[in-house]
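I would like to see how this sequence folds:
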Amino acid sequence: MNKTMFKGLLATAVIVALTGCNSDDDNTAVIPTTCAEAGADCTLFTVLHTNDNHGRFWESKYGEYGMAARKTLIDQIRAEVSSNGGEMLLLSGGDINTGVPESDLLDARPDFIGMNLIEYDAMAVGNHEFDNPLSVLDMQRELANFPMLAANIYKTEIDNDDKETLVRYFEPYKIFEINGLKIAVIGLTTEDTATIGNPEFVKELTFTKPADEIKKVIAEIKAAGTADLIFATTHMGHYADSQSGSNAPGDVALARAVTKGDLAAVIGGHSQNPVCMSADYQTYDDAFKPGADCRPDMQNGTYIMQAHEWGKYVGRADFEYFGGELHLADYKLVPVNLKAKDADGVRQFIAEKITPDAIVREILRPYQEEGGEKLSEVIGTTDGKLEGDRSIVRNQQTNLGHLIAEAHRTKVMADVAVMNSGGVRASIETGDISYKDVLTVQPFANTITKITMTGTQLTEYLNTVATVNVGSKGSGGYPQIVGLKMNVDCSAKKVTISEVKGNTYSATAEYSLTVPSFNAAGGDGYPKISPVMTGYVDAEVLYTFIKAKKDILVSEFAPIAGNIQFINSESVLACKDTTQ
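Numbers count the residues shown, from 1 in each chain. Next comes the predicted model:
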């Protein structure tokens with residue numbers, strides 16, 4: 001229990017005691033309004049949470065976050081909560097997979113081992129859990145000492161009568177007894193996984209609407225009378241005031257969809273933002289900084305929380321339960337060795353340094369070192385930043401997006417290359433470029449495809465890919481395109497191509513196009529096509545392209561103004577998502 005919470009309860013207890021001295025003749029039962037008034041009938045418990053780990057089992061090069069430091073912090077909180085008479089639940093909002101080569105090369109084994117050592121109680125299944133074949137996901141499920149929860153993911157099975165039936169692929173919920181309270185935790189996964197997950201790996205699965213599924217599960221739990229409180233751990237995304245844009249509905253829409261009082265709290269992930277809200281819960285708190293106060297969202301009587309990404313924070317919610325109601329006594333996002341530059345440009349811890357747990361560090365060290373020699377190979381240099389930051393690459397053409405697309409186009413000798421921005425996972429900073437940099441930027445192991453189209457067919461394809469249907473501002477489907485000049489009419493949802501590979505466009509001419517296999521199969525909502533599967537893996541293509549050039553000049557790959565022009569839009573760089 002933190003000092004502020006303790007002082008508040010102490011003050012309330014004193015007031016109650018003093019009031020009681022003058023109430024000898026008043027036998028009317030007092031309805032408790034605070035934990036102190038409720039006394040022994042008040043139950044204390046704490047929920048800790050993280051989300052979107054994305055392979056960050058090891059600390060960053062600046063000594064930030066990492067599972068060893070997370071273990072130390074969580075053990076400290078466990079001890080504190082226990083000493084104050086409480087108990088604790090530790091949840092993850094999913095996306096353990098994909099993001100760091102040392103983890104990706106090992107199918108996230110070190111991450112799940114680290115979660116076991118930290119003693120997670122449950123996790124939501126994230127969309128990036130489907131970046132690998134289901135056999136890898138099944139291995140991870142066996143490795144985990146905690147349940148992976150998803151009520152809205154089904155797999156088709158054949159029964160004894162040869163009839164197809166949908167069966168849940170994961171446990172829908174788990175009931176935990178915390179300090180005498182029975183708490184049901186329901187797992188839910190964004191329905192967008194059907195389009196943003198690798199189509200090759202999710203084709204056997206059905207993703208139902210979370211808002212429909214949670215109502216069924218809540219009804220089941222209530223009918224059985226097996227829980228005092230119902231929580232959800234989700235991988236759906238938090239979008240302020242439910243403005244999800246091109247994304248599937250997230251946690252706010254979920255909370256608003258259920259009967260008020262049925263869902264106590266949502267512990268989320270997917271949108272990778274610290275959910276710290278303004279006083280009216282309509283917008284994010286622009287003043288939030290690491291280590292500062294954080295107000296979680298509250299919608300329809302449901303608390304909604306998310307702890308940014310990568311284990312940078314551990315979300316901490318201290319709850320009190322009395323009078324049949326749940327109360328949030330305190331909430332904070334606790335930084336895990338995060339740093340900020342001081343006035344001299346030196347990185348300093350923004351909070352007290354956390355000493356990484358020695359046992360966890362030594363258990364995970366071999367995984368960090370495995371393959372390190374190959375990953376550290378320097379394959380080239382860049383004279384400037386190659387821009388792959390999520391907030392930029394999904395909103396405009398960038399030099400890194402064009403570099404990747406050009407590498408693909410060169411490898412298969414295509415006229416036009418399209419690279420989805422959701423497949424660009426990081427930037428490359430000025431200086432040396434290592435193999436690790438390449439795998440960090442392109443971790444999905446998609447293959448390069450090639451298809452021949454007429455000019456008319458190419459236009460029809462790009463009508464979907466480049467406009468608000470798919471490639472809108474902020475979307476992972478936003479296309480990085482090289483090899484042509486065109487205008488994109490965001491209102492009409494049509495493109496007008498003027499040149500292809502330096503030649504005047506013709507509706508009847510044949511052009512070759514390359515896209516990642518993920519998009520060729522319909523990923524990100526791209527039109528499904530049947531191209532030649534070249535067998536070239538995207539990261540290896542980028543690796544050989546950079547290694548052959550050696551010196552990457554950012555000016556060579558900088559988007560040329562006017563080559564791709566967006567019109568009838570608020571921006572010349574992208575179509576605004578009209579659903580926002």
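
going forward, measure contacts between C-alpha atoms and count neighbours the same way
Noted.

Show the subsequent helix or strand relative to the helix or strand of the chain with the lowest mean pLDDT.
The least trusted helix or strand in the chain, going by mean pLDDT, DSSP states H and E, turns out to be helix 3-20, with a mean of 39. Once the chain leaves helix 3-20, the next helix or strand it forms, by DSSP states H and E, is helix 35-38.

Over to residue 90. Which of the three states is it?
Recorded secondary structure, residue 90: strand (DSSP: H, G, I helix; E, B strand; the rest coil).

pretty sure it is touching residue 122, no?
Yes. Contact status for residue 90 versus residue 122: in contact at 7.1 Å, counting by Cα atoms under 8 Å.

Neighbour count: those two, which is higher?
residue 122 (27 against 20; other Cα atoms under 10 Å).

contacting residues around the more buried one?
Shown in contact with residue 122 (Cα atoms under 8 Å, 6 or more residues apart in numbering): 90, 91, 92, 146, 147, 148, 149.

Excluding chain neighbours, give the residue nearest to residue 545 in space.
Counting by Cα to Cα, 6 or more residues apart in numbering, residue 545 lies nearest to residue 407, which is 5.8 Å off, once chain neighbours are set aside.

The helix or strand containing the one you found - contacts with which helices or strands?
In this assignment (DSSP H and E), residue 407 forms part of helix 399-412. Using 3 or more Cα pairs under 8 Å, 6 or more residues apart in numbering; DSSP states H and E, the elements in contact with helix 399-412 are strand 416-420, strand 479-482, strand 510-514, helix 538-549, helix 554-557.

Give me the residues contacting the helix or strand following the last one.
Downstream of helix 554-557, the next assigned helix or strand under DSSP H and E is strand 564-567. Counting by Cα under 8 Å, 6+ apart, the neighbours of strand 564-567 from elsewhere in the structure are 484, 485, 486, 487, 488, 489, 490, 572, 573, 574, 575.

beta partners of the third one?
Beta-bridge pairing of residue 486, defined through DSSP bridges, involves residue 497, residue 564.

Okay, it and residue 494: tell me how far apart.
Per Cα to Cα, to the nearest Å, residue 486 is found 10 Å from residue 494.

re earlier: by neighbours, which of the contacts of strand 564-567 wins?
Result: residue 575 is most packed of these (other Cα under 10 Å), 29 neighbours.

can I assume that residue is in contact with residue 495?
No. With contacts counted by Cα under 8 Å, residue 575 stays clear of residue 495, the gap being 11.8 Å.

wait, what's in contact with the nearest residue to residue 171 once chain neighbours are set aside?
Leaving aside its sequence neighbours, residue 171 sits nearest to residue 149 (Cα to Cα, 6+ apart; 5.2 Å). By Cα under 8 Å, 6+ apart, residue 149 lies in contact with 122, 123, 124, 125, 170, 171, 172, 173, 174, 186, 187, 188.

among these, which are in strands?
For the contacts of residue 149, the ones inside strands are 122, 123, 124, 173, 174, 186, 187, 188, with DSSP state E as the criterion.

show me where pLDDT drops low in the stretch 451-580 of the chain?
By pLDDT under 70, the low-scoring segments of the stretch 451-580 of the chain are 577-580.

With only the CA atoms kept, save stretch 58-67 in PDB.
Extracted in PDB, the C-alpha atoms of stretch 58-67 (Å, rounded to 0.1, in the frame of the first residue of the first chain):
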ATOM      1  CA  TRP A  58      16.900  -8.700 -22.100                       C
ATOM      2  CA  GLU A  59      17.600  -5.100 -21.200                       C
ATOM      3  CA  SER A  60      18.200  -2.500 -23.900                       C
ATOM      4  CA  LYS A  61      21.600  -1.200 -24.800                       C
ATOM      5  CA  TYR A  62      21.100   1.600 -22.400                       C
ATOM      6  CA  GLY A  63      20.300  -0.700 -19.500                       C
ATOM      7  CA  GLU A  64      16.600  -0.100 -19.600                       C
ATOM      8  CA  TYR A  65      13.700  -2.500 -18.800                       C
ATOM      9  CA  GLY A  66      14.500  -6.300 -19.200                       C
ATOM     10  CA  MET A  67      12.900  -9.300 -17.400                       C
END
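
If you count neighbours, what's buried in that stretch?
58, 59, 64, 65, 66, 67 (16 or more other Cα atoms under 10 Å).

what's the answer for stretch 408-421, then?
Buried-residue list, stretch 408-421, by 16+ other Cα under 10 Å: 408-412, 414-421.

can you list those residues in JSON lines and add distance to residue 510 and pLDDT?
Listed next are the buried residues of stretch 408-421 as JSON lines, based on distance: Cα to Cα, whole Å; pLDDT from 0 to 100:
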{"residue": "408", "distance to residue 510": "19", "pLDDT": "97"}
{"residue": "409", "distance to residue 510": "16", "pLDDT": "96"}
{"residue": "410", "distance to residue 510": "18", "pLDDT": "95"}
{"residue": "411", "distance to residue 510": "19", "pLDDT": "91"}
{"residue": "412", "distance to residue 510": "16", "pLDDT": "91"}
{"residue": "414", "distance to residue 510": "11", "pLDDT": "96"}
{"residue": "415", "distance to residue 510": "10", "pLDDT": "97"}
{"residue": "416", "distance to residue 510": "11", "pLDDT": "98"}
{"residue": "417", "distance to residue 510": "15", "pLDDT": "98"}
{"residue": "418", "distance to residue 510": "17", "pLDDT": "97"}
{"residue": "419", "distance to residue 510": "20", "pLDDT": "97"}
{"residue": "420", "distance to residue 510": "23", "pLDDT": "96"}
{"residue": "421", "distance to residue 510": "26", "pLDDT": "95"}
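
Great, nothing more from me.
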